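Colleague: What would the 3D arrangement of this be:
(one chain, ligands or ions: 1)
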Amino acid sequence: MPKAEPPDESAYPRLEGRVTLPKLREAAAHCRACDLWKLGTQTVFGEGSAHAKVMLVGEQPGDYEDRAGKPFVGPAGRMLDEALEEAGIDRDEVWVTNAVKHFKWEPRGKRRIHAKPNAREIAACLHWLRGEVAMLKPQVIVCLGATAAQAVFGRTVRINEERGKLIPSELAPHILVTIHPSAILRAPDERAREEQRGHFVADLKKVGELLVTA
Ligand code: URA
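Modeller: Residues are numbered from 1 along each chain as shown. Below you'll find the predicted structure:
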């Protein structure tokens, strides 16, 4: 994916005084830095513990998330919840967010079909992801899939080559790249699905172990 520069600061709602997570959430609700606000019902900001040591970053809200205004509450969210539980990580103690905070979709009949955000949209939304990181200062950022990894590293990341590794970065002491839970749901058969799920849980367990030893 080609690199894109984010718009300058004047494209974003201004925050008065000390920056806090609630102020960021409120400002993000009025963001017009790219055109996706015209498509999505609302901005879906991150959610979770304000003391989270782990930040999980997905791609963008889906149909369910767009309606609910909360990240990962649809089928992919259920897959994520189960995997977190199996890895011994409490969802209430992490921060769950997305690289892009509006639902990008295309109509197919009466359905709204997920459309992949482009480099410009990912770059425009980095402002909010960086804001969340600055507020939470997580020890570990988990990139769920290629779009999240592209946002966090600013480059194309091959998931199969980099998944499961702990990579230091300026954003957090550790970044772990893994698959997106939707990829498990899309697996062609039961065997592939179980295999993918096993790898996903194993990746998340590495995150859990880091927290225990920290
Ligand atoms: N997929 C994502 O990447 N994020 C969500 O919030 C839901 C589905």
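
Colleague: buried ones in the longest helix anywhere in the chain?
Modeller: The single longest helix within the chain, with elements called by DSSP state H, is helix 190-213. Across helix 190-213, burial judged by 16 or more other Cβ atoms under 10 Å covers Arg193, Gln196, Arg197, Phe200, Val201, Asp203, Leu204, Lys206, Val207, Gly208, Leu210. Where C-beta positions appear, they are placed from N, C-alpha and C, glycine not excepted.

Colleague: ok, the last one touching Asp203?
Modeller: No: Leu210 sits out of contact with Asp203 when judged by Cβ atoms under 8 Å, with a separation of 11.5 Å.

Colleague: Identify each of the strands in this structure and give its residue range.
Modeller: Counting by DSSP state E, the chain has strands at residues 47-48, 54-58, 95-98, 105-108, 111-114, 140-144, 166-167, 174-178.

Colleague: give me the number of residues near the nearest residue to Phe45 once chain neighbours are set aside?
Modeller: Nearest non-adjacent residue to Phe45, counting by Cβ to Cβ, 6 or more residues apart in numbering: Arg25, 4.4 Å away. Residues lying near Arg25 (other Cβ atoms under 10 Å) number 17.

Colleague: ok, back up a step: just the CA coordinates for the longest helix of the chain, please, in PDB.
Modeller: Only the C-alpha atoms of helix 190-213 are listed here, as PDB (Å, rounded to 0.1, in the frame of the first residue of the first chain):
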ATOM      1  CA  GLU A 190     -13.300 -26.300  10.200                       C
ATOM      2  CA  ARG A 191      -9.800 -27.600  10.300                       C
ATOM      3  CA  ALA A 192      -8.300 -24.400   9.000                       C
ATOM      4  CA  ARG A 193     -10.400 -22.400  11.400                       C
ATOM      5  CA  GLU A 194      -9.200 -24.400  14.400                       C
ATOM      6  CA  GLU A 195      -5.600 -24.100  13.200                       C
ATOM      7  CA  GLN A 196      -5.900 -20.300  12.800                       C
ATOM      8  CA  ARG A 197      -7.700 -19.900  16.100                       C
ATOM      9  CA  GLY A 198      -4.900 -21.900  17.800                       C
ATOM     10  CA  HIS A 199      -2.200 -19.600  16.400                       C
ATOM     11  CA  PHE A 200      -4.200 -16.600  17.400                       C
ATOM     12  CA  VAL A 201      -4.600 -17.700  21.000                       C
ATOM     13  CA  ALA A 202      -0.900 -18.600  21.100                       C
ATOM     14  CA  ASP A 203       0.000 -15.100  20.000                       C
ATOM     15  CA  LEU A 204      -2.300 -13.600  22.600                       C
ATOM     16  CA  LYS A 205      -0.800 -15.800  25.300                       C
ATOM     17  CA  LYS A 206       2.600 -14.200  24.500                       C
ATOM     18  CA  VAL A 207       1.000 -10.900  25.400                       C
ATOM     19  CA  GLY A 208      -0.400 -12.400  28.700                       C
ATOM     20  CA  GLU A 209       3.100 -13.700  29.600                       C
ATOM     21  CA  LEU A 210       4.700 -10.300  29.000                       C
ATOM     22  CA  LEU A 211       2.200  -8.800  31.500                       C
ATOM     23  CA  VAL A 212       3.000 -11.400  34.100                       C
ATOM     24  CA  THR A 213       6.700 -10.900  33.800                       C
END
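
Colleague: Cool, thanks, talk later.
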